[in-house]
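>>> Make a model of this:
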Amino acid sequence: MRYETVIPARFVSRPNRFVALVEPQGLPAQPVHVKNTGRCRELLTPGARVWLEKSRNPARKTAWSLVAVQKGGLLINMDSQAPNKAVGEFLAARPLPGAPGLPDLIRPEYAWGASRLDFYLEYAGRPALAEVKGVTLERGGLLLFPDAPTQRGVRHLQELARAAAQGWLTWVIFVAQMKGPARFAPNRETHPEFADALARAAAAGVRVVCYDCRVTPDSMALDAPVAVEL
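Presented below is the predicted three-dimensional model:
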C-alpha cells in the first residue's frame, strides 16, 4: 500500500489521541491527525522525525495525517489502517501458512458472532477467517502486542477459536509495521488476559503468524515471517 503525498516533520507534542503538534520542514508548527489511537509513547517523543500524508479532503480541519516515525534505526509505519490494506494485497499474492493455496474469495469486514473480523476467505468452498493486528511496539528486538489492554482483541481471539472448533480455517495475523525485529510475543505485562487468550486460540487450532514489513515513508508491504513465541 502506498501514500500519494508525504513530507517529513518534527514531532512536538500530542494534545490528545487524535491530534499531534508537528513542525513540517520550512513551515510553522501545526496540528495534524494521528492515524493511530494507541498510546505510542515510545514512538512519539519530542523531536522525533515523523512523516505526514496529505489529506485528500480539502474541507478537513487538519490538512495532514501522521503515518510514520523514526525510532533509532527503525522506520515504523504507525497508520492503524495500513496493516489491513497490506494484508489484503498479501492474501491475493501469497498463501498463508497452512492454507491450501491462494483464496478463491477475499471479503473484508465479516460479521461473526458478536464481532466483526477483518477477512472472510474461501478455499475451494471451505470457509476461513483472518484477523489482523498491527504491531508498532518494539523493545530490544522483540515485537509486542498489545501496547494497551484490548478486550476487543480478546473477543476476536475467542471468536476465531470458536470458528476453528467448527472446522473453519482461522488465522490471527500480526503485522510488524517495521523491518528488523525477528521475534514476536504477546505483551503479557500489559495485558495478561490477551496473552492467555492467544495461547488458548492457538491450542484450539487458530494459526498465529507474524510478518514484518518493508517500510518507506510513503509505502508499506508485508515481507518475511517473524518467529512467534507464545
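>>> where's the residue nearest to residue 205 when sequence neighbours are not counted relative to residue 14, distance?
Beyond its immediate neighbours in the sequence, the residue positioned closest to residue 205 (CB to CB, 6 or more residues apart in numbering) is residue 164, lying 3.8 Å away. All C-beta spots, glycine's among them, are computed from the backbone N, C-alpha and C. Using CB to CB, to the nearest Å, one obtains 39 Å as the distance from residue 164 to residue 14.
>>> can you list the domains in the chain?
Described in terms of automatic domain parsing, the domain architecture of the chain consists of the residue ranges 6-77, 82-228.
>>> now the first one: how far from the chain's centre is it?
So that's domain 6-77. Computed by CA atoms, centre = their mean, to the nearest Å, the chain-centroid distance of domain 6-77 equals 17 Å.
>>> And for the longest one?
When distances are taken as CA atoms, centre = their mean, domain 82-228 is centred 9 Å away from the chain's centroid.
>>> Report the mean per-residue pLDDT for that domain.
Looking at domain 82-228 alone, the average pLDDT works out to 97.
>>> residue contacts, residue 183?
When contacts are counted by CB atoms under 8 Å, 6 or more residues apart in numbering, residue 183 touches 141-143, 226-227, 229.
>>> switch the cut-off to 6 Å
By CB atoms under 6 Å, 6 or more residues apart in numbering, the contact set of residue 183 is 142, 227, 229.
>>> Okay, and the beta partners of the first one?
When bridges are taken as DSSP bridges, the partners of residue 142 come out as residue 139, residue 183.
>>> what do you get for the second one?
Applying DSSP bridges to residue 227 gives these bridge partners: residue 183.
>>> separation between it and residue 65?
Taking CB to CB as the measure, residue 227 and residue 65 are separated by 32 Å.
>>> And these two? Which one has more around it.
Taking neighbours as other CB atoms under 10 Å, residue 227 and residue 65 compare with residue 65 leading, 21 against 11.
>>> can you count the residues close to residue 80?
For residue 80, the neighbour count with other CB under 10 Å is 16.
>>> now it, what's its secondary structure?
Here residue 80 takes the coil state, with states given by DSSP: H, G, I helix; E, B strand; the rest coil.
>>> Excluding covalently adjacent residues, which one is nearest to it?
Among residues not flanking residue 80 along the chain, residue 36 sits closest, at 4.5 Å (CB to CB, 6+ apart).
>>> Check residue 149 too.
Per CB to CB, 6+ apart, closest to residue 149 is residue 191, 4.4 Å.
>>> Residue 134 too?
With sequence-adjacent residues excluded and distances taken as CB to CB, 6+ apart, residue 134 is closest to residue 83, at 3.8 Å.
>>> Do I have it right that the one you found meets residue 133?
No - taking contacts as CB atoms under 6 Å, residue 83 lies outside contact range of residue 133: 7.3 Å.
>>> Pick out whichever of the two has more residues nearby.
A side-by-side neighbour count of residue 83 and residue 133, using other CB under 10 Å, places residue 83 first with 26 against 19.
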